[in-house]
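# next come a sequence and a model predicted from it.
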Amino acid sequence: MNIQHVDKKDKFRALLTDMLNGDVPVIFSNDGLYINLYNQNNSKKTTSEIIKSIYNKLLCGLSQSSPYKYNISKDILTLRNLSLMHPRAQLNFCDFYSEYSNLITYFCTKSQASIRAPYKVSNSLFLKGGGAYSPYKDIDIDTVKDELFKRHTSSFFAYKSHNRFYKFFKSDRYFYLEKKFSSMRMLDVANCFDSIYTHVIAWATKHKEFNKKNTGFLNQFATTFDQLMQRSNNNETNGIPIGSEVSRIFAEIIFQQIDFNVIQILSEKHSHRFGCDYHFVRYVDDYVVFSNTTDVMDVVSYIISDELSKYNLYINDSKIDNYDRPFVTKKSNVIAEADDCLTTLYKSCFKRQDDKNSFKFQPKKINSRSGFIKKFITNIKVVCKNQNASYGDVSSFLVSCLSRQLISFVNSKEITDDFSQSDDEQVSLIRSQCKNIIFSFIEIMLFFYFVCPQSQSSNKLAKTVIIIDRFLSENYSEYIDDFRGMVMHEITTHFPLNGLKNKNRDGLSTLENLNIILAVSEFGENYLIPQEKLSKFYDNCKNITYFEVVSVLYYIKDHTFYYDLKEKIKKSIFKIISKNQKLLHSCSEANHLFLDSMSCPYLSREFKKELLMLYLKQYEQKPHFSYKKIEGFIDDLQSIYWFVKWKDLDLVKLLERKELNLSY
């Protein structure tokens, strides 16, 4: 384990981890935005005239902005609403972190119940060692021009406890609580982020001796946080943007005070001692309550409910679940049985042998790949049927586990060994066994992804497909065409390419589908998705949005095969930007799309000139620049990138660096 120190004084590093990697397309990041802002504020070099203009006109200031709102699939039936803040709003929060980081961490230490909260400004990054495809082997990621990111790949704050809720249920603390208490109840806050009233941040930052001595500073903190949150969300006071790290911190400060109030009331009015008569933990807006009697459980639950209501937050009555020892939820039960199925699968694939220096994988023979795959899927079906569960309860778990195991396998010494001491027949047999294991795992992952597409599993699947493709190209090139053909057959046969949006559900950007398309963008010209299929993406959707535009544009690149589709994309870009020509400084979608379009090498200079003129006429007092000046502006904008690095982007390294972000 290697510790890489970060620059605590660099306020802009908060940009790098503001959005969770599963909530945006795999090609999206704030890397370019960070580099450009860092250079603008720290570089001794003179920034070009057009970059300075964009910085001053589009990225600076405190006026209100509208986030880019989109939806992703939460499960088979429900959607999750997300917001991508305007870059200017994100920059304002960088300044806020810089000034108030100590108060943020102070207000997030009030609750004994919270199991996920920032507790200090991060000052180090842990880098793991690994094999050929280790995410941390080459930390100076290809998405930067120099070594800026060696110091800037961790989240701005360090967080305590568990970065995922499910990890609590595997922890020592959970098993201790099960020993101590006989009953458990799970509570969920309904529409949490949509219901938060921004002014309540002031209520959550009062009531302590510390506050009495620092009233002015605390009032300033609360007022500033309130105003920034409003401005980032079109001046709305009801609801906060969903998806960003700063929104989770805003909510955490409020919940910290609620937890504190609950514990205090239960002690003073009911003589119930936290940790003795009852216990509860909270992860963001999910509560788990423990007690030994129903009466105490009910008192704790209604006090939580009452205190939440004072902040305009309410328990979701349909999601109250009660458990007696042993504490086994339907989800944990089905996951446990699915895990047993995975163990059986691994044993049928690998001869495992402990070694002092390494943990070895020795491939076994799979007689029938089709039968092997069907048997595993059937076993999972039986598990789901017996537990009255759906594929949605296990699909993401299975994809994640299979991804981890398969990547470990291709990293193992056995699969890349020098077989010079073996005869040709034995070498051929070993390589064939390895191929069957790899192909079987990928086919199983594709099956469980298709039956229940989710953003997190799409990231895992995308990363695995790219890693396996590269591995086969380098080590098992005789199988690369079979692999790419198999994956593309699955995509073109089963993928809903007749509409990457679900036309029956307004506003659904199927981010999951976009991620898989992006994963196969490295397969080459012989494995392109037919234009008519991708074109239906536009034909079947009324409102094409930023993420869809840049994702498809990244996929089609300069392939002449997609000429007609690119013309449609250009019309969509121009429509969005011209419609919001006067609002680039406030409309997040138009701002992101304008900046990425100007840096995109797959759009013509003539088209970029049209977009640039829209900007200059609106934001420059003297918009009539010479031909030479305009050409220079285009050159400058093409030499940088903002949110999508259009060329030389290593998707695996980008995805794995995003995994370093362990905020929530």
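Perfect, thanks for sending it.
# distance check, Lys557 against Ala462.
Using CB to CB, to the nearest Å, we find Lys557 at a distance of 17 Å from Ala462. Using the backbone N, CA and C atoms, a C-beta is placed for each residue, glycine as well.
# which one of those two is surrounded by more residues?
Ranked by neighbour count (other CB atoms under 10 Å), Lys557 and Ala462 place Ala462 first, with 26 against 16.
# three-state assignment of the more buried one?
helix (DSSP: H, G, I helix; E, B strand; the rest coil).
# just checking, it touches Asn515?
Yes: counting by CB atoms under 8 Å, Ala462 does reach Asn515; the two are 4.8 Å apart.
# determine the residues that are contacts of both of these two.
By CB atoms under 8 Å, 6 or more residues apart in numbering, Ala462 and Asn515 have these common neighbours: Val26.
# any idea how far Lys69 lies from Leu446?
From Lys69 to Leu446 the distance is 30 Å (CB to CB).
# cool, Asn102 as well?
Counting by CB to CB, the gap from Asn102 to Leu446 is 48 Å.
# more neighbours: which of the two?
Leu446 (21 against 10).
# who's in contact with the nearest residue to the more buried one once chain neighbours are set aside?
The shortest distance from Leu446 to any non-neighbouring residue, by CB to CB, 6 or more residues apart in numbering, is to Glu490 (4.8 Å). Going by CB under 8 Å, 6+ apart, Glu490 touches 443, 446, 450.
# just the ones of those in helices?
Among the contacts of Glu490, the residues falling in helices (DSSP state H) are 443, 446, 450.
# dump those into a markdown table; add pLDDT and distance to Ser395 as well.
Formatted as a markdown table, the ones in helices among the contacts of Glu490 follow (pLDDT from 0 to 100; distance: CB to CB, whole Å):
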| residue | pLDDT | distance to Ser395 |
| --- | --- | --- |
| Glu443 | 96 | 14 |
| Leu446 | 95 | 11 |
| Phe450 | 89 | 9 |
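# closest one to Gln256 out of those residues, please.
Phe450 (40.9 Å; CB to CB).
# how about the strands of the stretch 251-400 of the chain, start to end?
All strands of the stretch 251-400 of the chain, identified by DSSP state E, counting those that start in this stretch, fall at 278-283, 286-291, 321-324, 350-354, 359-363.
# can you list the ones you listed in a markdown table and add mean pLDDT and distance to Lys629?
A markdown table is the format used below for the strands of the stretch 251-400 of the chain (pLDDT from 0 to 100; distance: least, CB to CB, whole Å):
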| stretch | mean pLDDT | distance to Lys629 |
| --- | --- | --- |
| strand 278-283 | 97 | 54 |
| strand 286-291 | 97 | 56 |
| strand 321-324 | 95 | 65 |
| strand 350-354 | 72 | 63 |
| strand 359-363 | 71 | 60 |
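# for Gln257, find the nearest of these.
That would be strand 278-283 among the strands of the stretch 251-400 of the chain, by CB to CB, at 12.0 Å.
# other SSEs contacting that closest one?
Applying 3 or more CB pairs under 8 Å, 6 or more residues apart in numbering; DSSP states H and E, we find strand 278-283 packed against helix 165-168, helix 172-180, helix 245-270, strand 286-291, helix 294-309.
# can you give me the strands in the stretch 501-650 of the chain?
Going by DSSP E, counting those that start in this stretch, the stretch 501-650 of the chain shows no strands.
# so, low pLDDT: which residues of the stretch 501-650 of the chain?
Within the stretch 501-650 of the chain, the ranges that satisfy pLDDT under 70 run 501-510, 537-542, 623.
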